[in-house]
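Enquirer: build me a model:
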Amino acid sequence: PYLWNVAAGYLETLNGNFKQADKNFNEAEDKMPKSPLAVSQVRLLRLVNNLSKIDQLNPENEKTILADLSWLYLELPKKPIDNFRYENAVAWSQNYLASLYRSQKNIVMTEIFNHESNFYDNEKQLLDMKAFLSKQNKTEIEKIGASIYSIKLADINYFQAVKATFQNKIPEAIAFMKQSDKLQNTVFYGNPFLGNIKDCHDCDHQAPQKKKYTMLDFLTIIQKLQDNVAKQNDVYSNSGILGNAFYNITHFGNGRLFYEGNIAGEGSTPDYFRDPIRDMITNCSLAKAYYQKAFAAAKNNEQKAKTQYMIAKCERNDYYNKKYYSLNLSTWDI
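Expert: As a prediction, this is how the structure comes out:
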């Protein structure tokens with residue numbers, strides 16, 4: 001009788017007969033064994049029924065699902081029950097909540113329960129999410145959503161630091177990086193200030209290094225180098241190192257780790273990234289501009305040859321950008 005009532009209640013939920021489903025679940029509870037599996041199964045199906053009743057969220061109907069959502073999202077993963085399958089209910093409930101918030105024009109909560117990879121390409125949405133995650137007086141359902149959301153405030157600040165760096169807004173980048181929690185202490189695999197004839201990030205990672213650089217170290221040194229260039233102190237060397245730094249954080253350099261993260265994504269070729277990120281990480285124009293500064297300040301043919309070679313690397317990469325990457329092709333497709 002217990003199993004029949006559980007099954008009947010579930011079918012009534014799917015058919016939109018929510019009151020009848022409640023009756024079936026009540027009967028099931030009266031006759032069910034008090035095992036963790038049976039109790040949890042009925043509780044889960046009650047949640048599905050209660051959530052399905054809601055066509056517009058408000059403080060009153062939120063109360064009917066809060067405890068069960070917290071149980072489903074936060075408690076069960078820590079204390080799993082043998083043979084209890086709840087993963088589909090997690091995905092379904094989050095999609096259902098996202099659809100409700102979408103219909104109510106709540107873009108932030110829609111994203112909270114259904115992450116879209118391009119959400120942070122919109123600056124207003126990014127700032128709205130930062131404001132939400134920073135908010136102290138969240139409602140109970142907002143607290144639950146924030147606790148399960150895969151993107152944290154540190155991730156957003158880090159992403160802003162990366163974008164500001166590619167825009168050559170280094171003071172802004174440093175400020176954002178300092179708010180990125182432990183991410184600012186991530187260490188480059190290779191020396192991001194080296195410029196070699198051959199691009200080989202694996203080789204640079206394996207090369208002996210006297211010093212390891214964190215992401216914050218990297219930005220702080222860039223700012224010092226730029227200050228030196230502004231003061232006309234050894235413009236050739238400082239500009240050349242700046243060219244190397246901005247080159248290495250592109251897809252073609254040894255510091256790809258810099259732009260990879262929960263928001264930008266990661267991958268071995270530009271094809272892995274959505275268009276705005278791909279365009280950012282394959283653009284060597286900033287590196288080229290500093291190599292050109294170095295060339296203008298070169299004092300001998302050796303220095304001029306070196307900087308011209310580095311400029312040529314940037315131009316070669318631009319050729320690939322226009323020929324292949326902008327068409328979402330890789331050299332493997334040729």
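Enquirer: I'd like to know the average pLDDT value across the helix or strand where Glu60 lies.
Expert: Taking DSSP states H and E as the criterion, the element that holds Glu60 is helix 59-62. Computed over helix 59-62, the mean pLDDT rounds to 95.
Enquirer: which other helices and strands contact that helix?
Expert: Contact analysis of helix 59-62 by 3 or more CB pairs under 8 Å, 6 or more residues apart in numbering; DSSP states H and E lists no helix or strand as a packing neighbour. From N, CA and C alone the C-beta is placed, and that goes for glycine too.
Enquirer: export the helix of greatest length in the chain to PDB, keeping only CA atoms.
Expert: Using DSSP state H to define each element, the chain has its longest helix at helix 301-323. Below are the C-alpha coordinates for helix 301-323, written out as PDB (Å, rounded to 0.1, in the frame of the first residue of the first chain):
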ATOM      1  CA  ASN A 301      71.000  46.500 -34.200                       C
ATOM      2  CA  GLU A 302      70.900  43.500 -31.900                       C
ATOM      3  CA  GLN A 303      68.100  45.200 -29.800                       C
ATOM      4  CA  LYS A 304      66.300  46.300 -32.900                       C
ATOM      5  CA  ALA A 305      66.400  42.700 -34.400                       C
ATOM      6  CA  LYS A 306      65.100  41.200 -31.200                       C
ATOM      7  CA  THR A 307      62.200  43.600 -30.900                       C
ATOM      8  CA  GLN A 308      61.300  43.200 -34.600                       C
ATOM      9  CA  TYR A 309      61.200  39.500 -34.100                       C
ATOM     10  CA  MET A 310      58.800  39.800 -31.200                       C
ATOM     11  CA  ILE A 311      56.600  42.200 -33.200                       C
ATOM     12  CA  ALA A 312      56.600  39.600 -36.000                       C
ATOM     13  CA  LYS A 313      55.300  37.000 -33.600                       C
ATOM     14  CA  CYS A 314      52.400  39.200 -32.700                       C
ATOM     15  CA  GLU A 315      51.700  39.800 -36.400                       C
ATOM     16  CA  ARG A 316      51.900  36.000 -37.100                       C
ATOM     17  CA  ASN A 317      49.300  35.400 -34.300                       C
ATOM     18  CA  ASP A 318      47.100  38.100 -35.800                       C
ATOM     19  CA  TYR A 319      47.200  36.200 -39.100                       C
ATOM     20  CA  TYR A 320      46.000  33.000 -37.300                       C
ATOM     21  CA  ASN A 321      43.300  35.000 -35.500                       C
ATOM     22  CA  LYS A 322      41.800  36.300 -38.800                       C
ATOM     23  CA  LYS A 323      42.400  33.100 -40.800                       C
END
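Enquirer: so for that helix, what gets flagged as buried?
Expert: Applying a neighbour-count criterion of 16 or more other CB atoms under 10 Å, the buried positions in helix 301-323 are 303, 306-307, 310-311, 313-314, 317, 320-321.
Enquirer: ok, stretch 133-144 next?
Expert: Applying 16+ other CB under 10 Å to stretch 133-144 flags 133, 141-142, 144 as buried.
Enquirer: tell me which two of those residues sit farthest apart.
Expert: Across the buried residues of stretch 133-144, the longest distance by CB to CB is 14.8 Å; it joins Leu133 and Ile141.
Enquirer: mind listing which of the buried residues of stretch 133-144 are in strands?
Expert: When those are checked against strands using DSSP state E, none is located there.
Enquirer: the helix holding Glu60: how far from the chain's middle?
Expert: The chain centroid and the centroid of helix 59-62 are separated by 31 Å, computed with CA atoms, centre = their mean, to the nearest Å.
Enquirer: output it as CSV, restricted to C-alpha atoms.
Expert: As requested, the backbone C-alpha atoms of helix 59-62 are provided in CSV (Å, rounded to 0.1, in the frame of the first residue of the first chain):
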residue,chain,number,x,y,z
PRO,A,59,7.2,35.0,0.5
GLU,A,60,4.2,32.8,1.5
ASN,A,61,4.7,29.9,-0.9
GLU,A,62,8.5,30.1,-0.5
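Enquirer: just checking, next helix/strand downstream of it?
Expert: Past helix 59-62, further along toward the C-terminus, the next helix or strand under DSSP H and E is helix 66-70.
Enquirer: list the contacts of that next one.
Expert: Under the contact criterion CB atoms under 8 Å, 6 or more residues apart in numbering, helix 66-70 has outside partners 43-44, 46-47, 50, 93, 140-141, 144.
Enquirer: for stretch 116-133, same thing?
Expert: The contact list for stretch 116-133, computed with CB under 8 Å, 6+ apart, reads 107-108, 111-112, 138, 142, 146, 149, 151-153, 156, 159-160, 263, 265, 274, 276.
Enquirer: which residues sit against the one helix or strand Val108 maps to?
Expert: Taking DSSP H and E as the criterion, Val108 maps to helix 107-113. Residues external to helix 107-113 that are found in contact with it (CB under 8 Å, 6+ apart): 94-95, 97-98, 101-102, 119, 125, 128-129, 132, 142, 145-146, 149.
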